[in-house]
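Colleague: After the sequence you'll find the predicted model.
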Amino acid sequence: MTETKPISNTSDSSKNKSVEKLDSGSSNTTTSSSSPNTDNDKPKLTNKELKELKKQEKLAKRAAKKENAGIVSQITPQQIEQNKNKKNQQSQSQSSLQQQHSIVKKIEKKNSLFSHLETKEHRNELSISQSQIINQIHPSIISLTLKISSYSIVGSIPRCKAMLETFIKVINDYKTPQGTTLTRNLTNYLSIQIDYLKTSRPLSVSMGNAIRWLKQQISIISIDLNDKDAKDELISQIKDFIKEKIEYSGKVIIESTSNHISNGSKILTFGNSQVLKEIFLHNHLVLHKKFQVIIVDSNPLFEGKQLAKELSSNGLNIKYVLINSLSTIFQDSIDFVFLGAHSMLSNGFLYSRVGSALIAMKAKNRNVPVLVCCESIKFSDKVQLDSVTLNELSDSNLLINNGQKRQNISLDKFVQNHEIKPIQSTKDKKEKDDSSKVEDLSNWRNNQYLNIVNVMYDLTPPDFIEKIITEVGALPPSSVPVILREYKSST
């Protein structure tokens, strides 16, 4: 008979193994069953926190890959925090700007014809909003902004010249930050200065043309040049631009305009223009011509007073009148009407101080030739048919009497000399009291039906203009696009 070997040991070992497996499985199940309790104890993350964790993980993986490849990561956690702080500041500034614009819109009257134009209140709000970047503004830009906003510097050419001279100081003190080049960073730095300068008054056409020219010159500078040589080159180019486009062009206009002035002639002008002032002084002091200048002026700036003071101090025969007596002025024989220009549009329209169109129209009816003295830097390629689409609004309070009694000097002198005391009835007294109440408009903003607008410029059609005198020559208004092409080709 065959003997059967005992199999108990093998079976026992297999049983032991199966028991061990079961024990291990039970331990795993216990640990897995205990894990949800620990997860419930942890606080749940929001969607933003999860996104930030994912970003940090991605950045850590990229940094590890760069370190393995031997590349040092340029972005540090501090820089990431700084970028976050900058984004938060920008969002706060945008929200503050929106609040300020909403406040200004509440102040504005409804159904205003000029509601699309920027008012002085808008510019004040913008200057307040830019107080956060006041440390980036050059001190000379701040002083120039104050001078322009207070109308101590008036006129397109004086403002442009003062701006370019201020840019010379800004460029001279400029230092290029590390990691950037002058050609890229200087334009951004100048843009910040220009944005702050706009809070005083909108840029004139000559200022806009000069800024575009300067940015083009900065972009042409070679990268190989060091900062000192590049700044010296830019400063010399700005000085040459002032000489060629402002000073020399003014001299050429003076010489060509002097041919229209002779002894005994009467010339009418409006307001104050730098070129016209130099023309009158050159003909009187250098050419020794005897002629009369009739200066027409209007509120609120009364710029003609400054021209009258300077011409009369040099012994020139002048006559100062206001624009409300324009009909009586043209009763005398006037030879020419000389007008300055804020800008000449490409369709031949003259964009100048408000009141110029009225004088040109009156001169056209009287067959008096109107000559416009304008430099080519003031020429614009814009087309405009009315003064409502684009204009500048000044402070409305300049047009208000503010409760002060209006004076009639001639009537007061007549009453004093003749000792006339007119008898007033009770009705006249009531009417006078009512008129004085109407004149007091200091609280005009509280009246929802009243909107006072101080428009700075108007448009004169080319039919009222005889010719335009520039440094290129004396041309009709239809030749403005030709001068624009020549100006762009020269710059």
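Modeller: That came through, no problem.
Colleague: Need the three-state assignment for Ser140.
Modeller: helix (DSSP: H, G, I helix; E, B strand; the rest coil).
Colleague: The one 4 residues further on now?
Modeller: For Leu144, the secondary structure call by three-state DSSP comes out as helix.
Colleague: residues contacting it?
Modeller: For Leu144, the residues meeting the contact criterion (CB atoms under 8 Å, 6 or more residues apart in numbering) are 153, 162-163, 166, 197, 200. C-beta here means a position set from N, CA and C on the backbone, and glycine is covered the same way.
Colleague: Just confirm Leu301 contacts Gly155, I think it does.
Modeller: No. In this structure, Leu301 sits apart from Gly155 without contact. The criterion is CB atoms under 8 Å, and the distance is 10.8 Å.
Colleague: So which of these two has more stuff around it?
Modeller: Gly155 (21 against 18; other CB atoms under 10 Å).
Colleague: domains for this protein, by residue range?
Modeller: The record, using automatic domain parsing to delimit domains, assigns the chain the ranges 116-250, 252-394+455-490.
Colleague: Please enumerate the helices of the stretch 201-350 of the chain.
Modeller: Counting by DSSP state H, counting those that start in this stretch, the stretch 201-350 of the chain forms helices over residues 205-220, 227-242, 249-257, 274-281, 304-313, 326-329, given from the N-terminal end onward.
Colleague: pretty sure Leu390 belongs to a strand, no?
Modeller: No. Per three-state DSSP, Leu390 lies outside any strand segment and is coil.
Colleague: contacting residues for Tyr174?
Modeller: Listed by CB under 8 Å, 6+ apart, the contact partners of Tyr174 are 186, 189, 231.
Colleague: how does it look with 10 Å?
Modeller: Residues counted as contacts of Tyr174 (CB atoms under 10 Å, 6 or more residues apart in numbering) are 138, 167, 182, 185-186, 189-190, 227, 230-231, 234.
Colleague: ok so, going back, comparing the helices of the stretch 201-350 of the chain, which yields the minimum mean pLDDT?
Modeller: The stretch with the lowest mean pLDDT among these is helix 326-329, which comes in at a mean of 85.
Colleague: Just the buried residues of that one, please?
Modeller: Within helix 326-329, the residues scored as buried using 16 or more other CB atoms under 10 Å are 326, 329.
Colleague: Name the surrounding residues that touch it.
Modeller: Helix 326-329 is contacted by residues 266, 268, 270, 294, 296, 298, 319, 321-323, 355, 358-359, 361-363, 366 when judged by CB under 10 Å, 6+ apart.
Colleague: Quick check, central residue of this structure?
Modeller: Centroid-nearest residue in the chain: Lys198, 2.8 Å away (criterion: CA atoms, centre = their mean).
Colleague: you'd agree that residue is up against Ile192?
Modeller: No. Using CB atoms under 10 Å, Lys198 makes no contact with Ile192, being 11.1 Å away.
Colleague: and the gap between the closest residue to Ile223 other than its chain neighbours and Asp173?
Modeller: Leaving out its chain neighbours, the residue that sits closest to Ile223 by CB to CB, 6 or more residues apart in numbering is Thr181, at 5.8 Å. In this structure, Thr181 and Asp173 are separated by 18 Å, where distance is defined by CB to CB, to the nearest Å.
Colleague: okay, the two: which has more neighbours?
Modeller: Set side by side, Thr181 and Asp173 show more neighbours around Thr181, with 14 against 11, by other CB under 10 Å.
Colleague: Let me know the pLDDT of that one.
Modeller: At Thr181, the pLDDT value in this model is 84.
Colleague: which phi and psi does the nearest residue to Ala360 once chain neighbours are set aside have?
Modeller: Ranked by CB to CB, 6+ apart and with sequence neighbours excluded, the top spatial neighbour of Ala360 is Phe464, at 3.9 Å. Phe464 adopts backbone torsions of phi -90, psi 0, taken as degrees, to the nearest 10.
Colleague: Please give me every residue in contact with Phe464.
Modeller: Taking CB under 10 Å, 6+ apart as the criterion, Phe464 is in contact with 337, 339, 349-350, 356-357, 359-365, 370, 372, 477.
Colleague: What does the pLDDT read for it?
Modeller: With respect to pLDDT, Phe464 scores 94.
Colleague: same deal with the one 3 residues further on?
Modeller: Confidence per residue is given as pLDDT, and for Lys467 that number is 92.
Colleague: same check, this time on the one 3 residues further on
Modeller: With respect to pLDDT, Thr470 scores 91.
Colleague: Now do the strand or helix carrying Ile171, average pLDDT.
Modeller: Assessed by DSSP states H and E, Ile171 sits inside helix 156-173. For helix 156-173, the mean per-residue pLDDT is 94.
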